[in-house]
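>>> here you go, sequence then predicted model.
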Amino acid sequence: LLCACCLIFDTGLITLTQFILLESPLFFFLAALLAMYQLTRNCKVYTPLWFVTMFLAGAAVGCIMSVKYIGVFTVLYIGCMVIEDLWKRICNENYDWKSIAVYFSHCAAFFILLPVILYLVFFVVHFQITINSTESDSTYSPNFQASLTGNKMREVKNSQYLQYDNTVRFKKDQYLLHSHYLTYPDIHLNQVTGYAHRDSNNEWVVERCLGTAGSRDTAIVSGDMVQLRHVATGRHLTVLPDVAGVTDSIDNRVVTTEAVDLNSCFQIDTTLKAFTRVQALQADISLLNLNNKCALKVGTVQLPEWGAKQIEVTCTRRHIRNPSSVHLTLEHNISPVESENTQFIRPFGFLQKLIEMQVKMLVTNNALLPSEEERSSRPWMWPLDWEGLWFSYSHKHGGVYFLGNPVIFWLNFGMIFVLLAINTSQLYAELRFKDLPYNADVLYSTNWYLFGYLLHYVPFYLMGRILYFHHFYSAFIFNCALTASTAEMLFSRCASPHKTTVLRVTLLSVVVMSFVAFSPLAYGISVDEDNKIQGHITWLRWLDTWPF
């Protein structure tokens, strides 16, 4: 009951269900998985109810993975519980290896095969629905784009090999090598940036270095020196040796478009052997500026307002010895003269599209870095309810402030240390061969909640991407279960049933009253005629980091 109340009367969960799309189904399937698997462990093996609960638990695993990748932590949690269950059966003398193998095959079918099938079915449906081309297609490979109805990749013939005078588009992940007439501050030269959308400013013509004459049909081989002329501006890609990059003044040089000189020459470097013809849409290409001993890099950092918040492109000396780490790909390679090497792009099939989409989702997720205006929330703040986040706030109408119920959060945080103290006292009693102060089965289950909490919380300390307060809420569910179970162990030590009832009612009443006090944060804070937050809310500002 306490766990349910902590979840129902938390203001943060209410805000999540209103403003963040994927959290509600994620929490639903997480709770369903924990409930179904617990029922499975309580059922007699191979009965109809056991098969039903195993099927529902496996379906919940597939749904969790399909909602968000963070669901992998829940899958690991259930996987550890299954392994622990198998280990107990192996250690049980009443089980033979045949029965263990049968049990393991059932677990593999329900918790591995079924979720994989369900995951694939969701993507089959997804690809059947999303068949038309959109503006975001440029983030995918040419073969992926060619599978979409209305995409120009289906209609244009590309050269099989990279050749001089070809018009090309270079891409790093979802960003295309781009230039425009906007200039850098102080030096007033055209910017070269990474741009996530397709337009004519992404197109470059490959020419011989310093304008050396050559045959139009001559293919470029690995190690050739080329220069890139920007189609829209007519200027050539150039490295400025004396101008530092925005984000790294030591190793990075600014890239611009300028008249031709030695700083405009780039060596084509691939993973292929030297003097091997470059297959345009398949090879990973690095552009090395030997004159400045640097490699062209399309980064991940957004430029300020003067750069239209596009992605910084530099020539980095740090990667000159390992250019494969800053490689680019080609998604467009058009020859001015059609030949036997020009052909339509072959569209991807289902499995190829599935694999590319998984890679894209992972790369995009890891590349979510905070911009200058954003401030990444840190994991240490979350259990303390240190700060929240405004939603739809304006000085005239107020807004919703995303903050967990502090009474629940601080109760949860304190119960973690209480549980550690209980474990210490239990271990001390075992070592001294004394009567155990707490029920061993309840403590064992509570420690699993602690493990689930840590598994869903600690990994965020290792992530470099931008983080938000709502990332904590999967761990929060386990923390509420931990709090309720730990509280029951403490209540069990109370000799008087009457006192136990009073303690339970008091604790539940405090949780409910704290929700009543803080509920305006979730349902909307109003402002008075002077555009100030009304006084009955400001007295709840218990921490200076809460801006209301």
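Yep, it's here.
>>> do you have the strands of the stretch 301-450 of the chain handy? List them.
Assigned by DSSP state E, counting those that start in this stretch, the stretch 301-450 of the chain shows strands spanning 311-316, 329-334, 342-344, 389-394, 398-402.
>>> winner for burial among those strands?
Highest mean neighbour count among these (mean count of other C-beta atoms under 10 Å): strand 311-316, with a mean of 25. The way it works is simple: take the backbone N, C-alpha and C, and place the C-beta from them, glycine included.
>>> any idea which of the strands of the stretch 301-450 of the chain gets closest to Gly71?
For these, the distance to Gly71 is smallest for strand 398-402, at 21.4 Å, taking C-beta to C-beta.
>>> returning to what we had before: least confident of the strands of the stretch 301-450 of the chain, on average?
The minimum mean pLDDT among those belongs to strand 389-394 (a mean of 72).
>>> which of the residues in the host helix or strand of Met513 are buried?
Using DSSP states H and E, Met513 falls within helix 497-523. Using 16 or more other C-beta atoms under 10 Å as the test for burial, helix 497-523 gives 500, 507-508, 511, 514-515, 517-518, 520-522.
>>> what helices or strands is that helix leaning on?
Helix 497-523 is packed against helix 2-8, helix 11-19, strand 398-402, helix 406-431, helix 473-492, with contacts defined by 3 or more C-beta pairs under 8 Å, 6 or more residues apart in numbering; DSSP states H and E.
>>> hey, least reliable of the ones you listed by pLDDT?
Among those, strand 398-402 carries the lowest mean pLDDT, a mean of 80.
>>> ok, residues contacting it?
Around strand 398-402, the neighbours that count as contacts under C-beta atoms under 8 Å, 6 or more residues apart in numbering are 12, 15-16, 18-19, 388-393, 469-470, 521-527, 533, 546-548.
>>> let me know the average pLDDT across stretch 282-291.
So the average pLDDT for stretch 282-291 ends up being 84.
>>> distance between the ends of that stretch?
End-to-end distance of stretch 282-291: 27 Å, with C-alpha to C-alpha, to the nearest Å as the criterion.
>>> buried residues in the helix or strand hosting Lys88?
Element membership of Lys88, judged by DSSP H and E, is helix 71-91. Under the neighbour-count criterion of 16+ other C-beta under 10 Å, helix 71-91 has 71, 73-75, 77-78, 81-82 buried.
>>> packing partners for the helix or strand following that helix?
Proceeding N to C from helix 71-91, the next assigned helix or strand is helix 97-108, under DSSP H and E. With contacts defined as 3+ C-beta pairs under 8 Å, 6+ apart, the packing partners of helix 97-108 are helix 71-91.
>>> repeat the analysis, applying 10 Å as the threshold.
The contact analysis (3 or more C-beta pairs under 10 Å, 6 or more residues apart in numbering; DSSP states H and E) places helix 97-108 against helix 48-67, helix 71-91.
>>> mind checking which of these is nearest Ala146?
The closest of the helices and strands packed on helix 97-108 to Ala146 is helix 48-67. By C-beta to C-beta, the value is 26.1 Å.
>>> gap between that closest one and the chain center?
Distance of helix 48-67 from the chain centroid (C-alpha atoms, centre = their mean, to the nearest Å) equals 24 Å.
>>> so where does Asn158 fall, helix or strand?
strand 157-159.
>>> quick check: mean pLDDT of that strand?
79.
>>> show the subsequent helix or strand relative to it.
Sequence order places strand 167-172 as the next helix or strand after strand 157-159, per DSSP H and E.
>>> would you mind getting the angle between that following strand and strand 311-316?
Angle, strand 167-172 to strand 311-316, by axes from the mean of the first three to the mean of the last three C-alpha atoms, to 10 degrees: 90 degrees.
>>> other SSEs contacting strand 167-172?
Counting contacts by 3+ C-beta pairs under 10 Å, 6+ apart, strand 167-172 packs against strand 157-159, strand 175-183, strand 190-195, strand 204-208, strand 225-230, strand 285-289, strand 294-302, strand 329-334.
>>> mind checking the SS state of the closest residue to Arg198 other than its chain neighbours?
Take Arg198 and drop its neighbours on the chain: the residue closest to it by C-beta to C-beta, 6 or more residues apart in numbering is Ser138, 4.3 Å away. Following DSSP: H, G, I helix; E, B strand; the rest coil, we place Ser138 in the helix state.
>>> quick one: His106 and Val45 touch, right?
Yes - counting by C-beta atoms under 10 Å, His106 touches Val45, with 8.5 Å between them.
>>> picking that back up, what residues does the residue nearest to Arg198 make contact with?
Applying C-beta atoms under 10 Å, 6 or more residues apart in numbering to Ser138 gives the contacts 145, 151, 153, 169, 171, 174-176, 195-199, 202, 331-332.
>>> which among those count as buried?
Applying a neighbour-count criterion of 16+ other C-beta under 10 Å, the buried members of those are 145, 151, 153, 169, 171, 174-176, 195-198, 202, 331-332.
>>> would you point out which residue is most central in this structure?
Closest to where the C-alpha atoms of the chain average out (C-alpha atoms, centre = their mean) is Asn365, at 3.1 Å.
>>> and the pLDDT at it?
You'll see Asn365 listed with a pLDDT of 77.
>>> and Val527, by the same measure?
The model reports Val527 with a pLDDT of 61.
>>> follow-up on the earlier one: out of the buried residues of helix 71-91, flag the one nearest to Ser445.
Looking across the buried residues of helix 71-91 and measuring by C-beta to C-beta, the closest to Ser445 is Met81, at 10.7 Å.
>>> for the closest one, list the residues it contacts.
Listed by C-beta under 10 Å, 6+ apart, the contact set of Met81 reads 34, 37-38, 40-41, 448, 451-452.
>>> same question, Leu281
By C-beta under 10 Å, 6+ apart, the contact set of Leu281 is 141-143, 158-162, 329-333, 345-346.
>>> how about a cut-off of 7 Å?
Residues near Leu281 by C-beta atoms under 7 Å, 6 or more residues apart in numbering: 142, 158, 330, 333, 345.
>>> so what pairs up with the fourth one in the strands?
Okay, so that is Asn333. Judged by DSSP bridges, the bridge partners of Asn333 are Val168.
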